[in-house]
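Visitor: Predicted model follows, preceded by the sequence.
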Amino acid sequence: MSQTLPVVINRDAVHEIAIGTEAFETDRSFIVEIENAGQATHVHLSLDDDLSRAASVDGGGNYFVEAGAVYRVRISVDREAAPTTGRLSVVTGYGARRAHAAVTISETPPTKEPRVAVDERLGVPQRGQRSSPRPRPRARDGRGRPRGPLLVGALAVGVLGLALVVWLVAESVAAGVGVAVVAGFVAASYFLSEGSL
C-alpha cells in the first residue's frame, strides 16, 4: 500500500486541484504531498466525520504553498480505530475550488509469515483407515535403564541353573538340554508378547 497521496495544484488553471487517486487505502499514517505547479496558494485539508474518528491532519489543516514548491502534510492514523472509510477534502482559493479523495484505513496487515491452514479432518482417521497403534513404553528399572536386557540375563542364568539341576538329578545331558530349550522357548514367547525385547 502506498503511503503518499499526491496532490497537484495550479497545473492548468489558478486554484485547480488534481488528486492523484480518487480512492486511497492505507494501514498507517501517511503523507499528502502537495505540489504547486503555479503561483503561491493557500491550501486547506480537512477530514469528514467518519475519517476524523481514525485520523487527524498535522499542523491544523491550513498551509501556504509557494510557487513551484512541494509541501508535505502528515495525516496521523490511530490504528485502534481501523477499519474505517471517509473523505479527505482539499480546498484552494479560500473555498473557491474543492476536490475529494475517499480514504480507507484498513486494519494492520498480518505478519510476513503466512499462517498455514490445517484441515481439522487430518487428525481424524478416515473410514477404512486404521490408526497405527501407539507403542507401549518399555519397562525400566529404578535408574531409567530398560528392564528387558536385565530380565533376559536373569532368565538365561535361571534356565542354565534349571538345566544343571535336571542333568544332575536325571544324570542325562539330553534331559538337561531339553529342559533348557523348553524354558528358553517359554521365556522368549513371554518377552515377545510383552514387547520387552
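Guide: Looks like it arrived, so ask away.
Visitor: make it CA atoms for all contacts and neighbour counts henceforth
Guide: Fine.
Visitor: Could you look up the next helix or strand downstream of the helix or strand hosting residue 43?
Guide: Per DSSP states H and E, residue 43 falls inside strand 41-47. Later in the chain than strand 41-47, the nearest helix or strand by DSSP H and E is helix 49-52.
Visitor: number of nearby residues for residue 87?
Guide: 21 (other Cα atoms under 10 Å).
Visitor: now do residue 55
Guide: 24.
Visitor: The one 3 residues further on now?
Guide: A total of 13 residues lie near residue 58 under the criterion other Cα under 10 Å.
Visitor: Please apply the same query to residue 181.
Guide: So residue 181, with other Cα under 10 Å, has 15 neighbours.
Visitor: May I have the secondary structure class of it?
Guide: At residue 181, secondary structure determined by DSSP: H, G, I helix; E, B strand; the rest coil is helix.
Visitor: what sits against it?
Guide: Residues near residue 181 by Cα atoms under 8 Å, 6 or more residues apart in numbering: none.
Visitor: Tell me the spacing between it and residue 162.
Guide: Residue 181 is 11 Å from residue 162, where distance means Cα to Cα, to the nearest Å.
Visitor: Listing partners with orientation, what would you give for the strand holding residue 43?
Guide: strand 62-65 (antiparallel), strand 84-92 (antiparallel) (DSSP bridges).
Visitor: pull the CA atoms of the last one into PDB?
Guide: Taking C-alpha atoms only, strand 84-92 is exported to PDB below (Å, rounded to 0.1, in the frame of the first residue of the first chain):
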ATOM      1  CA  THR A  84     -12.800   3.000   8.600                       C
ATOM      2  CA  THR A  85     -13.500   4.900   5.400                       C
ATOM      3  CA  GLY A  86     -14.100   8.600   4.900                       C
ATOM      4  CA  ARG A  87     -13.300  11.600   2.800                       C
ATOM      5  CA  LEU A  88     -10.300  13.900   2.700                       C
ATOM      6  CA  SER A  89     -11.000  17.300   1.200                       C
ATOM      7  CA  VAL A  90      -8.500  19.600  -0.500                       C
ATOM      8  CA  VAL A  91      -9.600  23.300  -0.800                       C
ATOM      9  CA  THR A  92      -7.900  26.200  -2.600                       C
END
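Visitor: what's the following helix or strand after it?
Guide: Following strand 84-92 in sequence, per DSSP H and E, is strand 97-105.
Visitor: so what does that following strand touch, helix or strand wise?
Guide: Helices and strands touching strand 97-105, as assessed by 3 or more Cα pairs under 8 Å, 6 or more residues apart in numbering; DSSP states H and E, comprise strand 17-19, strand 23-26, strand 84-92.
Visitor: so which of those comes closest to residue 36?
Guide: Closest of the helices and strands packed on strand 97-105 to residue 36 is strand 17-19, at 9.6 Å (criterion: Cα to Cα).
Visitor: The closest one: partners in the sheet, and parallel or antiparallel?
Guide: Applying DSSP bridges, one finds strand 17-19 paired with strand 4-9 (antiparallel).
Visitor: quick one: buried residues of stretch 82-97?
Guide: For stretch 82-97, a neighbour-count test (16 or more other Cα atoms under 10 Å) marks 82, 83, 84, 85, 86, 87, 88, 89, 90, 91, 92 as buried.
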